[in-house]
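Engineer: give me a model of this one.
(one chain, ligands or ions: 1)
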Amino acid sequence: MSDDSKLLPHRTAIDNIDNQLIDLMNERAKHARAIGELKGTGVVYRPEREAQVLRRIKAFNTGPLTDEAVARLFREIMSECLAIERPLTIAYLGPEGTFTQLAAMKHFGHAAHTVPCLTVDDSLRLVEARQADYVVAPVENSTEGSVGRTLDLLVNTPLRVCGEVVLRVHHHFLRTQYVDFADLDAVYAHAQALAQCQHWLAKNLPDNVSRVAVSSNAEAAKLAAQNPRVAAIASQAAAEIYALNKIAANIEDEPNNTTRFLVLGHQDTTPSGHDKTSLIVSAPNRSGMLHHIIEPLMQTGISMTKFESRPSRTNLWEYLFFIDIEGHFAEPRIQAALDVLRERAMFIKVLGAYPVAVL
Ligand SMILES: O=C(O)C(=O)C[C@]1(C(=O)O)C=C[C@@H](O)C=C1
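Structural biologist: Numbers count the residues shown, from 1 in each chain. Below you'll find the model as predicted:
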């Protein structure tokens, strides 16, 4: 028996299973279409339900596929089912190939239509003007901390936070030509990427090569593709889109380099069973003020997953605290804590509650 003929019974079984999978996926899609008709002109995207589906799938899985692998597959199946109800348009900081686009596709799947914007400001504005359904915006990085511009935009936007995406970020050193540092004038990247790779750059880059911050890593890749004397730090996706050679891979200083993104739209999300609430609290910069603000949360046993302070841009010596807590603002214990907080703070804005990232 030749090796290939030994494969035959397995391949026949796989063909049969694939047929069943197609029938079952279409059966699933018919239910999604029926749900879409029942929703009518209402909101079709339901982040809490999607998180519950993915969590259930992971718990149900017995392998050999990993829990992450089945969740990724179902992410795409749900994305296609949702597109049958109504295709979604997602605004992101472009151009094509940014980590923000990767985050948008990780969260919404490949059936969603992604629209590149010049700035994070523009991407929020597009959704505010209802020219896109949702926006994905970077909010913090494990190496470099918060993305200040996004935090500033959260203060005034009428949009609601309805999801989060956590993405492992790998940076590559890219050029048109397959040589390392000869004839190199500059390396372009987003300021955060330059910071995330600063040790690698200091160790490897000749002193005469300047580091230039541009609006995104994908923009850097686009520029490097037009100029052989320029290199870029960008993602694998950007390397492929702009046909650049990978001179050095994974040059980020911190191997667990991770960026967290928020998803914003016009809707509030109902509790999924494992949620976070994001809020902004403002208070004068007085001694003891921090304790005064945190106390109502601590007393009710609410855990904080983020606490970031930024000077208010409008009032001198006033601070804004960006706080993420575990739980949904609809839960009575969180409502009680927020009521106390409202009495103590000068201003409080609940940005939204959303399922903790599953993928
Ligand atoms: O349950 C729903 O509301 C659906 O529309 C179905 C479905 C799915 O494919 O499972 C699709 C889109 C929603 O975002 C959530 C779930």
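Engineer: please make it C-alpha for all contacts and neighbour counts, starting now.
Structural biologist: Noted.
Engineer: can you tell me the helix or strand for the residue in the stretch 251-359 of the chain that the ligand sits nearest to?
Structural biologist: Here the stretch 251-359 of the chain gets closest to the ligand at one residue, residue 269, 11.1 Å apart by CA to the nearest ligand atom. Following DSSP states H and E, one finds residue 269 outside all helices and strands.
Engineer: how about it, what does it touch?
Structural biologist: Residues in contact with residue 269 (CA atoms under 8 Å, 6 or more residues apart in numbering) are 46, 47, 48, 162, 352, 353, 354.
Engineer: what does this protein put close to the ligand?
Structural biologist: Residues of the chain found near the ligand (CA under 6 Å from any ligand atom) are 32, 35, 44, 45, 46, 47, 49, 50, 78, 81, 82.
Engineer: which of these count as buried?
Structural biologist: Neighbour counting with 16 or more other CA atoms under 10 Å marks 32, 44, 45, 47, 50, 78, 81, 82 as buried within those.
Engineer: need these in JSON lines with pLDDT and secondary structure, can you?
Structural biologist: Supplementary listing: these in JSON lines, determined by pLDDT from 0 to 100; DSSP: H, G, I helix; E, B strand; the rest coil:
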{"residue": "32", "pLDDT": "97", "secondary structure": "helix"}
{"residue": "44", "pLDDT": "96", "secondary structure": "coil"}
{"residue": "45", "pLDDT": "98", "secondary structure": "coil"}
{"residue": "47", "pLDDT": "98", "secondary structure": "helix"}
{"residue": "50", "pLDDT": "98", "secondary structure": "helix"}
{"residue": "78", "pLDDT": "98", "secondary structure": "helix"}
{"residue": "81", "pLDDT": "98", "secondary structure": "helix"}
{"residue": "82", "pLDDT": "98", "secondary structure": "helix"}
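Engineer: out of these, which is nearest to residue 322?
Structural biologist: residue 47 (22.4 Å; CA to CA).
Engineer: now that closest one: how far from residue 348?
Structural biologist: 24 Å (CA to CA, to the nearest Å).
Engineer: what's the answer for residue 179, then?
Structural biologist: In terms of CA to CA, residue 179 sits 53 Å off from residue 348.
Engineer: tell me which of these two has more neighbours.
Structural biologist: Neighbour count, other CA atoms under 10 Å: between residue 179 and residue 348, residue 348 has more, with 19 against 13.
Engineer: in JSON lines: the contacts of residue 269, plus secondary structure.
Structural biologist: JSON lines is the format used below for these (DSSP: H, G, I helix; E, B strand; the rest coil):
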{"residue": "46", "secondary structure": "coil"}
{"residue": "47", "secondary structure": "helix"}
{"residue": "48", "secondary structure": "helix"}
{"residue": "162", "secondary structure": "strand"}
{"residue": "352", "secondary structure": "strand"}
{"residue": "353", "secondary structure": "strand"}
{"residue": "354", "secondary structure": "strand"}
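Engineer: for the closest residue to residue 49 other than its chain neighbours, grab the count of nearby residues.
Structural biologist: Closest residue in space to residue 49, ignoring its immediate chain neighbours: residue 272 at 6.9 Å, by CA to CA, 6 or more residues apart in numbering. When neighbours are defined as other CA under 10 Å, residue 272 has 19 of them.
Engineer: tell me the contacts of residue 272?
Structural biologist: 48, 49, 51, 52, 354, 355.
Engineer: ok, residue 26 next?
Structural biologist: With contact set as CA under 8 Å, 6+ apart, residue 26 has no partners.
Engineer: same question for residue 32.
Structural biologist: 81, 82, 84, 85.
Engineer: wait, residue 124 touches residue 91, no?
Structural biologist: Yes. Between residue 124 and residue 91 there is a contact at 7.5 Å, judged by CA atoms under 8 Å.
Engineer: how far away is residue 51 from residue 29?
Structural biologist: Separation of residue 51 from residue 29 (CA to CA) stands at 18 Å.
Engineer: more neighbours: the two, which one.
Structural biologist: Neighbours were counted for residue 51 and for residue 29 using other CA under 10 Å; residue 51 has more, 24 against 20.
Engineer: helix, strand, or coil at the more buried one?
Structural biologist: Taking three-state DSSP, the label given to residue 51 is helix.
Engineer: check the contacts of residue 272 and tell me the two furthest apart.
Structural biologist: It's 52 and 354 that sit farthest apart of those, by CA to CA, at 11.8 Å.
Engineer: more neighbours: those two, which one.
Structural biologist: Counted by other CA under 10 Å, residue 52 and residue 354 do not tie: residue 354 has more neighbours, with 30 against 16.
Engineer: so what's that one up against?
Structural biologist: 47-48, 161-164, 269-272, 275-277, 328.
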